[in-house]
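J.: Take a look and give me a structure for this.
(4 chains)
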There are 2 protein chains.
Amino acid sequence: MANNVTLKDVARRAGVSYQTVSKILRNQIQVTPEVRARVQQAVEELGYRPNITARSLRLQTSHLIGYSWKSAHERYINPILEEFEQSIVDAAERLGYHILLFPYHQGPDLYRTYEELVYSGRVDGFILSDLEFDDPRIPVLDRLQVPLVAFGRAQSDGSTFPYVDVDGRAGIRQAVEHLLEQSHQRIAFLGWPEQSRVGTDRLSGYWEAMKAAGLPVDPAWVMHGAGQYDYGYTAAHTLLDLPAGRRTSAIVTVYDLIAVGAVQAVQERGLQVGRDVAVTGFDDTPLLSYLLPGLTTLRQPVWEIGQRVVELLVRLFEGDKPAESESHVLVPPELVIRDSSRGYRPR
Amino acid sequence: MANNVTLKDVARRAGVSYQTVSKILRNQIQVTPEVRARVQQAVEELGYRPNITARSLRLQTSHLIGYSWKSAHERYINPILEEFEQSIVDAAERLGYHILLFPYHQGPDLYRTYEELVYSGRVDGFILSDLEFDDPRIPVLDRLQVPLVAFGRAQSDGSTFPYVDVDGRAGIRQAVEHLLEQSHQRIAFLGWPEQSRVGTDRLSGYWEAMKAAGLPVDPAWVMHGAGQYDYGYTAAHTLLDLPAGRRTSAIVTVYDLIAVGAVQAVQERGLQVGRDVAVTGFDDTPLLSYLLPGLTTLRQPVWEIGQRVVELLVRLFEGDKPAESESHVLVPPELVIRDSSRGYRPR
DNA sequence: GAGAGTAAGGCGAACGTTCGCCTTGATGCT
DNA sequence: AGCATCAAGGCGAACGTTCGCCTTACTCTC
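T.: Numbers count the residues shown, from 1 in each chain, chains lettered A, B, ... in the order given. Modelled structure (predicted):
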């Protein structure tokens, strides 16, 4: 239970009215040094702390931010999210807010749940992560007219909520350009299903880089799949089965685990990763470095994204209407070059 | 910003006093069916939701639980925590609470920070995870006299706060017994540093099982180390270097990544894991299953622990004084038997 | 038909703040 | 001396609930 030292207690001890104490503590009023000192002392002696609930009621703001993310299904793990969470908590704290957990589980009463949280004054706004293609949360929150910033973009339909996202296109472009520098010419792309928002974004980076280099792309090189390890494994085998003239010497993937599957396939063929076939991943998954130390990959600037998401949201709370360029932010990932894409020797 | 439909608005439309509306909605009063219907209709039409802040102020409880965990250092990842977080959010929601994130960063003003949160009425109590040997949070929160339940135990000094923890001793005992059944006789234990609370707990499970089986333990078999992969790797090599009569045929470890290192060492010797040397881990780390599918390990019942932690905490809120056995709970992990401990053929 | 009992709902107060306006007394100016 | 000015701090009200007690009117009982 909260401490029960209130303004009135402090006031009584300091011999002033409690409203005056409130104003003194927030520097909203000028008083004689003696009075200020008396109040300060009373505060210390009694251990007074302003009651946040009362303040929230009066100010009509909870200083709480709801964080909605997608529960990991079964034992799948998203390495990104923990760092993101840390980052938003850190930024929120810095700006005087706290983060309330609010996992998103699909269901018919989605609207009801959010409405509840917002109309009951529980939270001032939301941070969403794990946005999906046509995420159902977006229309719901749009309708509620509540401040909201997302990590990631949804489908580009009418609603244009503010977001901060990784520039997957620029990332993949970097990866492909890096491979081109290593004098690869035939480069495959293991992407996600065609409906995937993130997947198409990353794919376009591939196209851009190939086009800029003036290189032709064999349709067989571009694949779309839903799995992780297994998908990478079988897709890589398919690529390696192509006739010599069409066979790729490099495989760009949209996710580390897909890359791991591909590496496995390459090795099973008796080929050496890097020297014979280059492979790149995406995310720089922490644990992976123990098991496959040499994977070239793209590291998402998760910490920075978290910071910017919160800063943007707080600006919205304050009634700011940020410019387009400030409310739709893309941050490029960092290419981490390791052995899986080095030392290519064309044969 | 919160909806601004209040009890008074509903009351005006329904033609009753607002206090009556409040009571009707919470079923604290009997009214004629007509009045109830009028009120219900007004609620629906206006979209009334009780203001949580006002309720909190009146009831002197925030219905918020602070969750304090240790920020992952650098790129280390704790696979357990995400599920734990999910679980406590789920349980809290079920019981009418929400979880407020409050990462624990070491520092001199630790006390101040917690005091702030408690005395300001921000949270009703705390859940702690990642307890360390002599965790600094414990005395602080002890002094604040705030309801608190931990996932894990700290050093057993005076303060005996409620906790729910994995029974590491029982877990390791299970693992060792399983190996004994596979007719292993010389079993090594790769533990954590001697000061580690969790480490000594798990070690005692090893001793118990070996003693119960009446088997001698060579001091060289029991190792303490701080690392992860590297530690497992070098420790296993050391064990395999022992003279034939003292060499172990099984290696029990306290953490999956240590086991992975050990597996690597075993394989480098040209030995086959399982058939020649058995290895077991701890945690059933999700990603690992992609890379080392056959590792026998102990799966922590994280979901169940989260549920029980919250239930216990809510009981404390309600003024319950749970019995010793209810407030110090140990849950045994589940032994997941895979290939790394099967098919032993003594030579 | 008077008193007691009960059901339905009204009313004031309180939770601990913050905000805007008001009062008081001292000072300055002409 | 008379008036305006200003600094210091008091005071009432409001934020939206919940709680306990009170009033009113109706029904039952002998």
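J.: alpha carbons only for contacts and neighbour counts from here, please
T.: Noted.
J.: after the worst-scoring helix or strand of chain A on mean pLDDT, next one along is what?
T.: Taking mean pLDDT, DSSP states H and E as the measure, the helix or strand of chain A with the lowest value is helix A:288-291, at a mean of 70. Where DSSP states H and E defines the elements, the next helix or strand beyond helix A:288-291 is strand A:297-299.
J.: Given that next one, what are its sheet partners and their directions?
T.: Sheet pairing of strand A:297-299 (DSSP bridges) gives strand A:334-336 (antiparallel).
J.: So for the strand it pairs with, mean pLDDT?
T.: In this model, strand A:334-336 has an average pLDDT of 96.
J.: Then stretch A:174-190?
T.: In this model, stretch A:174-190 has a mean pLDDT of 97.
J.: Straight-line length of that stretch, end to end?
T.: Counting by CA to CA, to the nearest Å, you get 16 Å between the two ends of stretch A:174-190.
J.: before we move on, what about stretch A:312-326?
T.: 8 Å.
J.: pLDDT on it, on average?
T.: Regarding stretch A:312-326, the rounded mean pLDDT is 90.
J.: Next: stretch A:58-76.
T.: 82.
J.: Which residues of chain A lie near DNA strand C?
T.: Applying CA under 7 Å from any atom of the strand, we find that chain A lies next to DNA strand C at A:4-8, A:18-19, A:22-23, A:48-51, A:54-55, A:57-59.
J.: show me which of those residues neighbour DNA strand D.
T.: Of the residues in those, proximity to DNA strand D by CA under 7 Å from any atom of the strand holds for A:Tyr18, A:Gln19, A:Ala54, A:Leu57, A:Arg58.
J.: Selecting buried members of those residues in PyMOL, what would you type?
T.: Those of those that count as buried under 16 or more other CA atoms under 10 Å in any protein chain shown are selected in PyMOL with:
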select buried, chain A and resi 18+54+57
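J.: which SS state does A:Pro216 fall under?
T.: coil (DSSP: H, G, I helix; E, B strand; the rest coil).
J.: before we move on, what about A:Glu132?
T.: Under three-state DSSP, A:Glu132 falls in the coil class.
J.: Now A:Ile99, what are its backbone angles?
T.: phi -110, psi 130 (degrees, to the nearest 10).
J.: in the sheet, who's paired with it?
T.: Beta-bridge partners for A:Ile99, by DSSP bridges, are A:Ile65.
J.: hmm, back to that, return the members of the residues of chain A next to DNA strand C classed as buried.
T.: A:Asn4, A:Val5, A:Thr6, A:Leu7, A:Tyr18, A:Ser22, A:Tyr48, A:Arg49, A:Pro50, A:Asn51, A:Ala54, A:Leu57.
J.: how about those residues in a markdown table, adding distance to A:Ala259 and secondary structure?
T.: Shown next, in a markdown table, are those (distance: CA to CA, whole Å; DSSP: H, G, I helix; E, B strand; the rest coil):
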| residue | distance to A:Ala259 | secondary structure |
| --- | --- | --- |
| A:Asn4 | 58 | coil |
| A:Val5 | 59 | coil |
| A:Thr6 | 60 | coil |
| A:Leu7 | 61 | helix |
| A:Tyr18 | 65 | helix |
| A:Ser22 | 60 | helix |
| A:Tyr48 | 57 | coil |
| A:Arg49 | 53 | coil |
| A:Pro50 | 53 | coil |
| A:Asn51 | 52 | coil |
| A:Ala54 | 53 | helix |
| A:Leu57 | 52 | helix |
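J.: Out of those residues, which comes closest to B:Leu131?
T.: For those, the minimum distance to B:Leu131 (CA to CA) is 27.9 Å, reached by A:Arg49.
J.: A:Ile172 against A:Arg202, yeah?
T.: Yes - contact criterion CA atoms under 8 Å: A:Ile172 and A:Arg202 qualify, at 5.9 Å.
J.: Who has more neighbours out of the two?
T.: Remark: of A:Ile172 and A:Arg202, A:Ile172 carries more neighbours, 32 against 23, as counted by other CA atoms under 10 Å in any protein chain shown.
J.: Spell out which parts of chain A neighbour DNA strand D.
T.: So far as CA under 7 Å from any atom of the strand goes, chain A lies against DNA strand D at A:15-20, A:29-32, A:35-36, A:54, A:57-58, A:60.
J.: Sort out for me which of those residues are in helices.
T.: In helices, defined here by DSSP state H, the members of the residues of chain A next to DNA strand D are A:Tyr18, A:Gln19, A:Thr20, A:Val35, A:Arg36, A:Ala54, A:Leu57, A:Arg58.
J.: farthest pair in the residues you listed?
T.: A:Val35 and A:Leu57 (28.2 Å).
J.: A:Val252 belongs to a strand?
T.: Yes - counting by three-state DSSP, A:Val252 is located in a strand.
J.: In the stretch 201-347 of chain A, where is pLDDT below threshold?
T.: The model of the stretch 201-347 of chain A has pLDDT under 70 over residues A:290-291.
J.: mind running it again at 80?
T.: A:286-293, A:347 (pLDDT under 80).
J.: closest point of it to DNA strand D, which residue?
T.: Nearest residue of the stretch 201-347 of chain A to DNA strand D: A:Phe317, at 17.5 Å (CA to the nearest atom of the strand).
J.: Then the stretch 151-300 of chain A?
T.: Nearest residue of the stretch 151-300 of chain A to DNA strand D: A:Phe161, at 26.7 Å (CA to the nearest atom of the strand).
J.: next one: chain A
T.: A:Val31 (2.8 Å).
J.: Neighbours of the closest residue to that residue other than its chain neighbours, how many?
T.: Excluding its sequence neighbours, the residue lying closest to A:Val31 (CA to CA, 6 or more residues apart in numbering or on different chains) is A:Ile24, at 7.6 Å. Look at A:Ile24: counted by other CA under 10 Å, it has 17 neighbours.
J.: for the one 4 residues further on, same thing?
T.: The criterion is other CA under 10 Å. On that basis, A:Gln28 has 10 neighbouring residues.
J.: again, but for A:Tyr229
T.: With other CA under 10 Å as criterion, A:Tyr229 counts 20.
J.: quick one: it and A:Thr253 touch, right?
T.: No - A:Tyr229 is beyond contact range of A:Thr253, at 11.2 Å (criterion: CA under 8 Å).
J.: can you list residues touching both of these two?
T.: Counting by CA atoms under 8 Å, 6 or more residues apart in numbering or on different chains, the residues touching both A:Tyr229 and A:Thr253 are A:Ala259.
J.: The residue of the stretch 151-300 of chain A closest to DNA strand D belongs to a helix?
T.: No - assigned with three-state DSSP, A:Phe161 falls outside any helix and is coil.
J.: my guess is it contacts A:Val149, does it?
T.: Yes - using CA under 8 Å, A:Phe161 is in contact with A:Val149, at 6.8 Å.
J.: So which residue is dead centre in chain A?
T.: In chain A, the residue lying closest to the centroid (CA atoms, centre = their mean) is A:Phe151, at 4.3 Å.
J.: if I pick the residue nearest to A:Val31, what's in contact with it?
T.: Residues near A:Ile24 by CA under 8 Å, 6+ apart: A:Gln30, A:Val31, A:Arg36.
J.: Which parts of chain A are strands?
T.: With DSSP state E as the criterion, chain A has strands at A:64-68, A:98-101, A:125-128, A:148-151, A:163-166, A:187-191, A:222-224, A:250-253, A:278-280, A:297-299, A:328-331, A:334-336.
J.: Those strands: which one's closest to B:Glu83?
T.: The closest of the strands of chain A to B:Glu83 is strand A:98-101. By CA to CA, the value is 13.3 Å.
J.: any idea of the mean pLDDT in that closest one?
T.: Mean predicted confidence for strand A:98-101 is 96.
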